[in-house]
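Student: What follows is a predicted protein model with its sequence.
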Amino acid sequence: MADTRLPSAFAEFEPFAEKWCLATEPERWATRLSTAMPEIREFYDAFTPRFEEAIDYCDKFPLDDIPEDALNLLHLVYSMIMVSMAVEVFGTQKPADSADAVMHRVSAPVP
């Protein structure tokens, strides 16, 4: 299928790919802040059981030569890390008492 983003072994996460396969931390942060908690929770609950498996899959490839579908899966892993704090720690998208919390990076890990 032409519009698949993820490896076939992780096809059940395609419904989350368009929203959560984000290449940069600022994109992931902005998406977390602008997404309702029930939707964040849906992604979290779906991906959690296979999170370690997704990491193991991505670890099979060198970072400087990772296939596009595996890179998208890695971006999904990064998004899972971002939303896990909202679910496991804060219970909301934005940390309480954080005023105008923003993240500014002058560089970011690649990929």
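Tutor: Yep, that arrived.

Student: can you give me the strands in this structure?
Tutor: In the chain, no segments count as strands under DSSP state E.

Student: hey, which helix or strand in it has the poorest pLDDT?
Tutor: helix 25-34 (a mean of 93; mean pLDDT, DSSP states H and E).

Student: Could you identify the longest helix within this protein?
Tutor: If you go by DSSP state H, the chain has its longest helix at helix 68-85.

Student: and that one with helix 25-34, angle?
Tutor: Note on geometry: by axes from the mean of the first three to the mean of the last three CA atoms, to 10 degrees, helix 68-85 and helix 25-34 are set 50 degrees apart in direction.

Student: Give me the buried stretch members for the least confident helix or strand of the chain, please.
Tutor: 25, 27, 28, 29, 31, 32 (16 or more other CB atoms under 10 Å). The way it works is simple: take the backbone N, C-alpha and C, and place the C-beta from them, glycine included.

Student: what residue is smack in the middle of the protein?
Tutor: For the chain, the residue nearest the mean C-alpha position is residue 79 (1.7 Å; CA atoms, centre = their mean).

Student: Let me see the contact set for that residue.
Tutor: 20, 21, 22, 28, 31, 43 (CB atoms under 8 Å, 6 or more residues apart in numbering).

Student: State the distance from it to residue 65.
Tutor: 22 Å (CB to CB, to the nearest Å).

Student: Also residue 74?
Tutor: The value you get for residue 74 to residue 65, if CB to CB is used, is 13 Å.

Student: quick one, which of the two is more surrounded?
Tutor: residue 74 (21 against 6; other CB atoms under 10 Å).

Student: my guess is residue 78 contacts residue 29, does it?
Tutor: No - using CB atoms under 8 Å, residue 78 makes no contact with residue 29, being 10.9 Å away.

Student: Just give the nearest non-adjacent residue to the residue nearest to the centre of the chain, would you?
Tutor: Ranked by CB to CB, 6 or more residues apart in numbering and with sequence neighbours excluded, the top spatial neighbour of residue 79 is residue 20, at 4.1 Å.
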